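1. Sequence first, predicted coordinates after that:
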Amino acid sequence: MSMRRLLMAASAEEYAAFEERVRRTVYMDNLSPQVTENVLKAALDQFVNAINVQFIPNYINPQSLPRAALVEMETLKQASAIIAEMADSPFMVLGMPRPVRARAAEVEMFDSRPKKPGRKITYKWLDPEDPDFEVARKIKVLTRKHASETEFLLNHQLKEEENLANQQLENLKAHYKKYELIDGVLSDNTAKKLADRYRIPLSDA
């Protein structure tokens with residue numbers, strides 16, 4: 001077998017392995033920018049075994065904060081199961097008020113995908129007289145407008161999430177103070193004395 005055929009066979013085998021990985025991968029979006037790999041894996045651990053998380057940067061905002069991720073599962077069955085589960089029930093991460101969405105990943109979502117055997121990519125500079133030049137210019141303007149709108153919404157979202165996180169922290173502190181108060185009343189026999197005083201049976205539980 002010639003060297004060229006060997007290279008083609010190796011390329012086909014590599015691409016087939018990549019396609020298998022794509023089928024085991026789930027695309028998740030509507031994520032909070034504060035979600036980390038460990039947080040996302042821990043949230044999914046109750047349903048599936050996520051073996052790899054690749055966040056997708058959002059290049060249309062200055063911070064490039066990710067809002068989506070490619071999550072590779074251990075098996076194709078797990079990938080299908082988590083997509084079905086998240087379609088039927090809201091899936092929250094970090095206590096954020098919007099559910100994460102999930103769907104099957106696609107080949108084009110991977111920036112490190114291998115070259116497809118037999119595929120050729122061509123490119124060229126557009127001349128101002130080219131009919132596609134005006135189309136490209138409009139897309140560029142629309143992209144800038146979309147980037148400005150996205151940045152505004154992102155900043156608003158981050159502010160809301162910060163307020164929610166602070167509120168959850170305050171609630172946690174308040175509940176802990178109540179626990180300390182109850183624990184103190186039980187440990188110093190105050191509860192027993194009050195029960196005896198008002199003739200109320202106090203359960204040992």
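-> Happy to help now that I have it. Residues are numbered from 1 along each chain as shown.
2. so where is this structure shaky, pLDDT-wise?
-> 1-10, 59-66, 94-98, 202-205 (pLDDT under 70).
3. cutoff 50 now
-> By pLDDT under 50, the weakly predicted segments of the chain are 1, 3, 6-7, 205.
4. Can you tell me which residue is spatially central in it?
-> By Cα atoms, centre = their mean, the chain has its centre lying nearest to Leu31, at 4.3 Å.
5. For it, which three-state class applies?
-> Assigned with DSSP: H, G, I helix; E, B strand; the rest coil, Leu31 falls in the coil class.
6. okay but Arg113 is in contact with Arg21, surely?
-> No. Using Cβ atoms under 8 Å, Arg113 makes no contact with Arg21, being 9.6 Å away. For glycine as for every other residue, the C-beta is placed from the backbone atoms N, C-alpha and C.
7. so what's the residue nearest to the centre of the chain up against?
-> 40, 66-69, 93, 100 (Cβ atoms under 8 Å, 6 or more residues apart in numbering).
8. change it to 7 Å
-> Applying Cβ atoms under 7 Å, 6 or more residues apart in numbering to Leu31 gives the contacts 66-69, 93, 100.
9. State the number of residues packed around Glu19.
-> 13 (other Cβ atoms under 10 Å).
10. what helix or strand does it sit in?
-> helix 3-23 (DSSP states H and E).
11. Out of the contacts of Leu31, which comes closest to Lys124?
-> The closest of the contacts of Leu31 to Lys124 turns out to be Ala68 (Cβ to Cβ; 30.6 Å).
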